[in-house]
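In: Need the 3D shape of this:
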Amino acid sequence: MKPKNTICLWYNQDALEAAQFYAATFPNSEVTAVHRAPADYPNGKAGDVLTVEFTVLGVACLGLNGGPAFKHSEAFSFQIATDDQAETDRYWHAIVAHGGQESACGWCRDRWGLSWQITPRALTDALAAGGGEARRAFEAMMTMTKIDVTAIEAARRGSD
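Out: Coordinates of the predicted model:
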């Protein structure tokens with residue numbers, strides 16, 4: 001059964017490559033269908049990959065090979081909650097080491113320009129605690145690219 005709501009992500013011509021990368025990187029992720037153009041069109045030929053159905057951690061997505069007209073921006077991102085530093089490191093390095101780019105505060109971009117927030121639960125728990133704990137964790141986070149769980153936990157325990 002197809003979901004009623006699917007995230008559509010616009011790619012130049014490499015939606016299948018991106019979907020395969022996401023499926024190989026994240027659990028509960030897979031490429032579920034590849035649809036080819038039935039005829040020539042302005043940005044391609046009959047038989048070219050037109051759309052790719054896939055999931056990222058169980059979230060239904062559709063990759064559209066729409067050409068170069070539109071680019072990804074930080075206005076849309078996947079936020080991936082991680083349980084520990086090892087999981088944080090694994091996802092961060094998978095994205096950045098395969099042509100991606102580091103940003104700030106746990107954000108990075110993959111080689112297709114899609115933004116990812118690799119967010120340890122230790123950070124979201126610290127921010128949810130409120131008060132001095134949240135402030136100290138937030139201030140520590142603001143100095144980071146990839147989130148350092150040990151540093152967030154130490155900041156949370158610090159004193160005012």
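In: can you pull the contacts of residue 126?
Out: Residues touching residue 126, when contacts are defined by CB atoms under 8 Å, 6 or more residues apart in numbering, comprise 133-134, 136-138, 152-153, 155-156. The way it works is simple: take the backbone N, C-alpha and C, and place the C-beta from them, glycine included.
In: same for the top helix by length along the chain, what does it pack against?
Out: Of all the segments of type helix in the chain, defined by DSSP state H, the longest one is helix 85-97. Under the contact criterion of 3 or more CB pairs under 8 Å, 6 or more residues apart in numbering; DSSP states H and E, helix 85-97 touches helix 15-25, strand 77-82, strand 107-109, strand 115-120, helix 149-157.
In: Run through this protein and note the low-pLDDT ranges.
Out: Applying pLDDT under 70 to the chain picks out residues 159-160.
In: What are the structural domain limits within it?
Out: According to automatic domain parsing, the chain comprises the domains 1-68, 71-160.
In: Taking the centroid of the protein, which residue is nearest it?
Out: When the chain is reduced to its mean C-alpha position, the nearest residue by CA atoms, centre = their mean turns out to be residue 116, at 3.2 Å.
In: Pull the contacting residues for that residue.
Out: By CB under 8 Å, 6+ apart, the contact list for residue 116 reads 77-80, 91, 95, 107-110.
In: Now list the buried members of those.
Out: By neighbour count, with 16 or more other CB atoms under 10 Å, the contacts of residue 116 hold 77-78, 80, 91, 95, 107-110 as buried.
In: contacting residues for the spatially closest residue to residue 20 that is not a sequence neighbour?
Out: Of all residues not flanking residue 20 in the chain, residue 31 sits nearest, at 6.0 Å (CB to CB, 6 or more residues apart in numbering). Residue 31 is in contact with 16, 19-20, 23, 52-54, counting by CB under 8 Å, 6+ apart.
In: which one of those is nearest residue 120?
Out: Ranked by distance to residue 120 (CB to CB), the contacts of residue 31 are led by residue 23 at 23.0 Å.
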